[in-house]
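*Asks:* structure here, sequence nowhere to be found:
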């Protein structure tokens, strides 16, 4: 099956190095965060099921990569992020917010510790320039004399996810997967190009994220398909992450959101001596939160979508949906939503296209 190029798109929108491969596989292309990426190939439900039961591969090359090098690089990055790099060592990765002085999210990141003097950071596509500028702005304040480099243009990224991912990966990188624990990585080469082989992902399944130099991306993608991985698009990636309750920047978290109300307090180490946003978070923690992020499972028939209102029976708005979809693994319609922190009921109303429909309140992690 041959896919079709997206017509009428802004020519400033970027293509990944795998664009032609997506078309060859029948990918339906969309503009996502300024990149042309496949939303699906043979169908979102089919691709979702593939990742839950077998192995799928996603093109996540739109993500950004920053590298911090020099004496004290690890210590510098540790002052910029809210989680604590002292929890890990070389060869391990850490999920962390990047915060404003007000304690809200500049972005959420995965930080790879190569050594005390070299740290690699993966950032969200829409925030590459903002994150790079933010970290650069802290160099002088924290007396870091090393280098902060934006290497996003040099790398492609493939997420290989699913219970059969280990056997697919073993056909290309024999024995590598078994060597690693979750959130650890190794640095390999593929066809002469450097590659990060990282036990991370955004689906809740077994698998890795392969960060590879652009020149080897097409060959690696083709090798993964030949080894048994099925190409999957953004649609399935979103439904998979939502079933696990994973936050998405611009939805559950942004520059108006703090980690405590977002249920991400575990990513903030208040025991660290200092980090950007700590003073603001101390005040927030000492007070009362006005809202909380919860999981919703629809009781009535309807799919809650981003920015749909959460309301009282009178129709008064008291919150909003941040993400919502049909959950293929559950056969139910689910959402994440902000509601008042003191709300004590077991169910709540969602305004779906003018109809007030009941939803059950529960944990953010659905499966």
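*Replies:* Done, it's in. The structure displayed is predicted, hence computed values, not measured ones.
*Asks:* so residue 198 makes contact with residue 93?
*Replies:* Yes - with contacts counted by Cβ atoms under 8 Å, residue 198 reaches residue 93, the gap being 6.2 Å. Using the backbone N, CA and C atoms, a C-beta is placed for each residue, glycine as well.
*Asks:* got any residues that touch both of those two?
*Replies:* Both residue 198 and residue 93 are contacted by 110, 112, 184-185, under the criterion Cβ atoms under 8 Å, 6 or more residues apart in numbering.
*Asks:* out of those residues, the closest to residue 305 would be?
*Replies:* residue 110 (27.7 Å; Cβ to Cβ).
*Asks:* which helix or which strand is home to the closest one?
*Replies:* strand 105-115 (DSSP states H and E).
*Asks:* strand partners of that strand, parallel vs antiparallel please.
*Replies:* Strand 105-115 has its sheet partners listed here by DSSP bridges as strand 92-99 (antiparallel), strand 118-123 (antiparallel).
*Asks:* now it: buried residues?
*Replies:* For strand 105-115, a neighbour-count test (16 or more other Cβ atoms under 10 Å) marks 105-114 as buried.
*Asks:* what's the closest of those residues to residue 244?
*Replies:* residue 108 (14.7 Å).
*Asks:* which residues of the stretch 201-350 of the chain fall in helices?
*Replies:* Counting by DSSP state H, counting those that start in this stretch, the stretch 201-350 of the chain has helices at residues 217-226, 234-243, 278-286.
*Asks:* got a list of contacts for the last one?
*Replies:* Residues from elsewhere that reach helix 278-286 (Cβ under 8 Å, 6+ apart): 82, 99, 101-103, 258-260, 268, 270, 272.
*Asks:* one more pass at 6 Å, please.
*Replies:* Contacting residues not belonging to helix 278-286 are listed as 102-103, 258 [Cβ atoms under 6 Å, 6 or more residues apart in numbering].
*Asks:* centre of the chain to it, how far?
*Replies:* Chain-centre distance of helix 278-286: 25 Å, with Cα atoms, centre = their mean, to the nearest Å.
*Asks:* for that helix, buried residues please.
*Replies:* Residues of helix 278-286 classed as buried under the neighbour-count rule (16+ other Cβ under 10 Å) are 278, 280-281, 284.
*Asks:* packing partners of the longest helix along the chain?
*Replies:* Longest helix in the chain, counting residues (DSSP state H): helix 128-141. When contacts are defined as 3 or more Cβ pairs under 6 Å, 6 or more residues apart in numbering; DSSP states H and E, helix 128-141 sits against strand 147-150.
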